[in-house]
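**Student:** I would like to see how this sequence folds:
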Amino acid sequence: MSEKKTNGIRNIVVNRKAYHDFSVIQTFEAGISLTGTEVKSAKEGKVGFRDGFCFIKDGEIFLKNVHISRYPYGNRINHDPDRDRKLLLHKKEISRLNSKVREKGFTIVPLRVYEKHGRIKVEIGLVKGKRLYDKKEDIRTRDQTRDLKRSFKISDLSGKLK
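**Tutor:** Okay, the predicted model is just below:
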């Protein structure tokens, strides 16, 4: 629990790979249906969703390939770590996401898992895959801004030393 709490929100896990591989078009906050041992394990930060994604089936949205480790103090009622988990969204949001996903190139991925006022929430994003040249362009601009910040910091320090 080394994460900082701001306004009752504490990040548990952030999917940095999703921001690298996809362009985020729109984000949604969703509740997640968990068992008791899953909640305890998630609050300890034992969540992994490197290849996680969401799919819509029968008007409901589910989270797949998200691993929530077994709770070490749970006994025989411990949960299955790799089960599909139902996300809690409004019907309008689900239908809007479903219409977008039917278009070519869009998908839904989990961006972060966080605790908000004692409840576990998932931020999901409607995303479109990046091409290789888009990824290279992002790296190039990040490097340029880092170099600019570094040069400004050096020039500020040299002005203070005189």
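
**Student:** can you list the buried residues in stretch 129-139?
**Tutor:** K130 (16 or more other Cβ atoms under 10 Å). In this view, the C-beta of every residue, glycine as well, is placed from N, C-alpha and C.

**Student:** now do the buried residues in the longest helix anywhere in the chain.
**Tutor:** If each helix of the chain is counted by residues according to DSSP state H, the longest one is helix 132-161. Buried residues in helix 132-161, counting neighbours by 16+ other Cβ under 10 Å, are absent.

**Student:** how about T27: what's its closest non-neighbour residue?
**Tutor:** Counting by Cβ to Cβ, 6 or more residues apart in numbering, T27 lies nearest to G125, which is 4.9 Å off, once chain neighbours are set aside.

**Student:** what residues does the one you found make contact with?
**Tutor:** Contacts for G125 were tallied using Cβ atoms under 8 Å, 6 or more residues apart in numbering; they are 18, 22, 24-28, 108-111.

**Student:** which element is the residue most central in space within the chain on?
**Tutor:** The centre of the chain sits closest to L111, judged by Cα atoms, centre = their mean, with a distance of 1.7 Å. Using DSSP states H and E, L111 falls within strand 106-116.

**Student:** flag every buried residue along stretch 8-24.
**Tutor:** Using 16+ other Cβ under 10 Å as the test for burial, stretch 8-24 gives 10, 12-15, 18-19, 22.

**Student:** could you list which of those belong to helices?
**Tutor:** Among the buried residues of stretch 8-24, DSSP H puts 18-19 in helices.

**Student:** let me know the closest of the buried residues of stretch 8-24 to V47.
**Tutor:** V13 (4.7 Å; Cβ to Cβ).
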